[in-house]
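Novice: Provided below for reference: sequence and predicted model.
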Amino acid sequence: MALSATLHCLTGCAIGEVAGVVIGTALGWSNGATIVLAIALAFLFGYSLTSWPLLRAGLAFATVVPIALASDTLSIATMEIVDNAIVLAIPGAMDAGVGNVLFWGSLAFALVLAGGVALPVNRWLLKRGKGHAAVHATGIHGGPPIPVVGAVTVAAAVFGTAVLLAEAF
């Protein structure tokens, strides 16, 4: 269940993070402004992926908001801290531009590592009946199939690692 919760959360984080970094980089924004946009979009998409199935099932918005906040906040925050710290730490990653393989490889690598750090966080939350347990308590689940997200995550890990190793050597 922790892996499922992490992959679900990673999907929203990745969509928002990638969109934010691409938009900020393409517009020539500073690293700080780009990261703020990426974080905001990661939270927006993460919460949205949790909320949409619940809203479609007929739950009231006022009921859905606390569920989304409880299920995703700590996981998204963990992923965003780790992801952005890694991307900033990789020399030239933020300045590489969207047409450069280093940009995409570092982003893929950072997102996968961020998901790995969030996995024990989600496991800890679930053991205490918190986090995605709030969504599971509704009996309503949505989002992309976990095997598909897992396969994309593995592909991103291989791609990101290969790019960073090629850059290093």
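Specialist: Noted; the coordinates are in hand.
Novice: Lowest-scoring secondary structure element of the protein by mean pLDDT?
Specialist: helix 133-136 (a mean of 80; mean pLDDT, DSSP states H and E).
Novice: pLDDT averaged over the lengthiest helix in the chain - what is it?
Specialist: Criterion DSSP state H: the longest helix present in the chain is helix 61-89. For helix 61-89, the mean pLDDT works out to 93.
Novice: can you list contacts of the least confident helix or strand of the chain?
Specialist: Contacts of helix 133-136 from elsewhere in the structure, counted by C-beta atoms under 8 Å, 6 or more residues apart in numbering, are Met1, Thr50, Leu54, Pro66, Ile67, Ala70, Ser71, Leu125, Leu126, His141. No exception for glycine: its C-beta is placed from N, CA and C like everyone else's.
Novice: From these, keep the buried residues only.
Specialist: The neighbour-count test (16 or more other C-beta atoms under 10 Å) applied to the contacts of helix 133-136 identifies Thr50, Leu54, Ile67, Ala70, Ser71, Leu125, Leu126 as buried.
Novice: And these, which is closest to Gly105?
Specialist: Gly105 has its nearest neighbour among the buried ones among the contacts of helix 133-136 in Thr50, at 28.7 Å by C-beta to C-beta.
Novice: tell me the SS of the closest one?
Specialist: Taking DSSP: H, G, I helix; E, B strand; the rest coil as the rule, one finds Thr50 in the helix state.
Novice: Any stretches of this structure with poor pLDDT?
Specialist: 143 (pLDDT under 70).
Novice: how about the strands in it?
Specialist: Under the criterion DSSP state E, the chain carries no strands.
Novice: quick one: Ala168 from Leu102, how far?
Specialist: 11 Å (C-beta to C-beta, to the nearest Å).
Novice: next one: Ala2
Specialist: 32 Å.
Novice: cool, and Leu10?
Specialist: 22 Å.
Novice: These two - which one has more neighbours?
Specialist: Shown here are Leu10 and Leu102; by other C-beta atoms under 10 Å, Leu10 has more neighbours (28 against 19).
Novice: Good, we can wrap up now.
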